[in-house]
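Student: Sequence first, then the predicted structure, then my questions.
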Amino acid sequence: MEQAQPKYVAFGSRLAGVPEVQTLGVKPNFNDYTQLEQQQIFDSSVILYPTLNYAQFFTTMGKRIFPSLETYLYADEKMKQTTLFYLLSIPHPKTRFYLQREFSRIEKDFAFPFIAKIPRASARGRGVYKINSSVDLEEYLLNTKIAYIQEYIPHERDLRVILINYEPVLAYWRKRADDNFRTNLYQGGEIDFNDIPLDVIPLAQKYARQCNFNDVGLDLLEYKGVWYLLEANMQYGRQGFKKKNMVLKEVIRQKLLDGSLLD
């Protein structure tokens, strides 16, 4: 019997090996794809995981993609995310950006301790600092031309909710280690599935829809009765899935097969 041809085309490797998807890989020049591959791209009803570069082109062409263009545009962009959250009136810790000529204002606007981040490429807790003094601040400012400063909210844990096409597929607490202010798993944080506040899940869905982030891990923190959206993670890792004996690729595949990934 002749083997069925893949129904969908993908560029990124998220679904590599899934039989229903033809993963073409990412080539910098579109003409590097063969004539057959180009025809597959044009004929496909949706392009899966197109990467930021091609997501922009396909959106301009009016071709459907997954995940959304916004999911790519705001990935690893803390300043853009913060501005978007404020524009959408999504609760977010007090945050300001400062150019070098404005660095002297920081200590007037924020009381110690506060959080300072490298605006880009600070995933997994890297490039995130707790600033306890003027000496800490001076050291941080030596490493960046734009200061990203955020109020420090004391907490033992935050909640990560992973949503695929706006539907929750996994939620867990990230508990910080005793010797670290960060809850990131790569900084010694631990995963805890106990007592997940189910009433917060619809709130995460609402925020994801407002931002048009349809493949994302949202980090939320409760403080004085308010749930704050800390940030959106498009590379949300697989540790939580592994602890639940789930395979992310299979979760996405099943949603693709049952139609819920693209509805």
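Tutor: Yep, it's here. Given the structure is predicted, the values throughout are model-derived calculations rather than measurements.
Student: Residue ranges of each domain in the protein, please.
Tutor: With domains defined by automatic domain parsing, the chain comprises 8-66, 94-151, 157-258.
Student: could you dump the ones you listed to a markdown table with mean neighbour count, distance to residue 72 and mean pLDDT?
Tutor: (C-beta placed from N, C-alpha, C; glycine too.) Formatted as a markdown table, these follow (neighbours: other Cβ atoms under 10 Å; distance: least, Cβ to Cβ, whole Å; pLDDT from 0 to 100):
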| stretch | mean neighbour count | distance to residue 72 | mean pLDDT |
| --- | --- | --- | --- |
| domain 8-66 | 15 | 4 | 96 |
| domain 94-151 | 15 | 14 | 92 |
| domain 157-258 | 17 | 7 | 92 |
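Student: And these: which comes nearest residue 77?
Tutor: Proximity to residue 77, assessed across those by Cβ to Cβ, is greatest for domain 94-151 (6.5 Å).
Student: ok, now which ones touch residue 240?
Tutor: 160, 162, 170, 172, 191 (Cβ atoms under 8 Å, 6 or more residues apart in numbering).
Student: Give me the contact list for the strand or helix carrying residue 108.
Tutor: Counting by DSSP states H and E, the element that carries residue 108 is helix 106-109. In this structure, residues lying in contact with helix 106-109 by Cβ under 8 Å, 6+ apart are 96, 98, 134, 137, 147, 149.
Student: Swap in 6 Å and give it another go.
Tutor: With contact meaning Cβ atoms under 6 Å, 6 or more residues apart in numbering, helix 106-109 is reached by 98, 149.
Student: now do stretch 249-260
Tutor: Applying Cβ under 6 Å, 6+ apart, the set of residues contacting stretch 249-260 is 18, 169, 261.
Student: Put together JSON lines for those, with distance to residue 249 on each row.
Tutor: Listed next are the contacts of stretch 249-260 as JSON lines, based on distance: Cβ to Cβ, whole Å:
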{"residue": "18", "distance to residue 249": "7"}
{"residue": "169", "distance to residue 249": "12"}
{"residue": "261", "distance to residue 249": "12"}
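Student: In helices, which of these appear?
Tutor: Assigned to helices by DSSP state H, none of these qualify.
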